[in-house]
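Asker: Give the three-dimensional model of this entry:
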Amino acid sequence: MCVVALALDAHPHWRLVVAGNRDEFHVRASAPLARWDEAPHVIGGRDLVSGGGWIGVSETGRFAVVTNVAGYPRGKDAPSRGALVADYLRDGTLPDDAALPAFGGFSLMTVGEAADFRSNRPTLIHQPLAAGLHGISNGPLDPPWPRTRTLTAALGDWLDADTAPDALLATLADETSVVEGERPVFIRDAVYGTRCSTVIAIAHDGSGTMIERRFDAGGMAAGETRLDVAWPGR
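Answerer: Numbering: from 1, shown residues only. Presented below is the predicted three-dimensional model:
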């Protein structure tokens, strides 16, 4: 993922709401949103190059999303950042903090028994993820970047309006740059652009949905998947 807004325990009905766009090279092979064959409790897309994921949920009550941190190229032998998402969703495991610098630059948000934010560039960070609204892109948590702030503010407006999760897909399709020279929420580019938009909405009773809308190299809709999600209720 390259821009994500998250609301954690920020609404009387919704336990977790996430809206984000995955920006990637269009030639990089990936599988669409689905239950994973080897772990049917995991729901997410799949990177077919590394085998990992970028965003997903587990019906054991876990969520994870990872973004790259710009300016820190991945080393030749660095482990897959997508494996952080895949392993956490499968069985709740993550490497010890001491092992995280070996990965390419990343920011990772996880929600399970606890909610946490981790990043390994420019320095190692591991901190609790507080209830409320958060955003990440290719850098730190809650940065003052127009793209991230625009999406996070839109998620807050959606919570106030109390409309259906589908409304967030329109926000994720916004190609307006609020600051000249800055990237919009949706990037239309034939080589490297927004590949898919994802919305996750899980209520406090554990019922929820995950939506993925995919796009081709021209930025046109190329498919959509919707799956029900069941988390342990509170």
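Asker: now the strands for this structure?
Answerer: Assigned by DSSP state E, the chain shows strands spanning 3-8, 14-25, 30-36, 39-47, 55-58, 62-68, 106-111, 115-119, 125-128, 132-136, 192-203, 207-215, 221-230.
Asker: Rebuild the ones you listed as TSV, extending it with distance to Pro79 and mean pLDDT.
Answerer: All C-beta atoms are positioned from the backbone trio N, CA, C, and that covers glycine. Below are the strands of the chain laid out as TSV (distance: least, Cβ to Cβ, whole Å; pLDDT from 0 to 100):
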stretch	distance to Pro79	mean pLDDT
strand 3-8	21	99
strand 14-25	18	98
strand 30-36	19	98
strand 39-47	13	98
strand 55-58	18	99
strand 62-68	12	98
strand 106-111	11	98
strand 115-119	14	98
strand 125-128	17	98
strand 132-136	20	98
strand 192-203	22	98
strand 207-215	25	99
strand 221-230	28	98
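Asker: which residue of the protein sits farthest from its center?
Answerer: Centroid-distance maximum for the chain: Glu180 at 25.3 Å, with Cα atoms, centre = their mean.
Asker: Report the contact partners of Gln127.
Answerer: Contacts here follow Cβ atoms under 8 Å, 6 or more residues apart in numbering; on that basis Gln127 touches 116-117, 141.
Asker: before we move on, what about His41?
Answerer: Contacts of His41 by Cβ under 8 Å, 6+ apart are 35, 58-60.
Asker: Out of these, which is nearest to Gly218?
Answerer: Arg35 (29.3 Å; Cβ to Cβ).
Asker: How about the closest one, nearest residue that isn't a chain neighbour?
Answerer: Ile43 (5.6 Å; Cβ to Cβ, 6 or more residues apart in numbering).
Asker: isn't that neighbour right next to Asp228, touching?
Answerer: No. In this structure Ile43 lies outside contact range of Asp228 using Cβ atoms under 8 Å: 9.1 Å.
Asker: about what we covered before: for the residue farthest from the centre of the chain, phi and psi?
Answerer: phi -60, psi 130 (degrees, to the nearest 10).
Asker: any idea how far it lies from Pro144?
Answerer: 16 Å (Cβ to Cβ, to the nearest Å).
Asker: what comes up buried for stretch 128-138?
Answerer: 129, 133-138 (16 or more other Cβ atoms under 10 Å).
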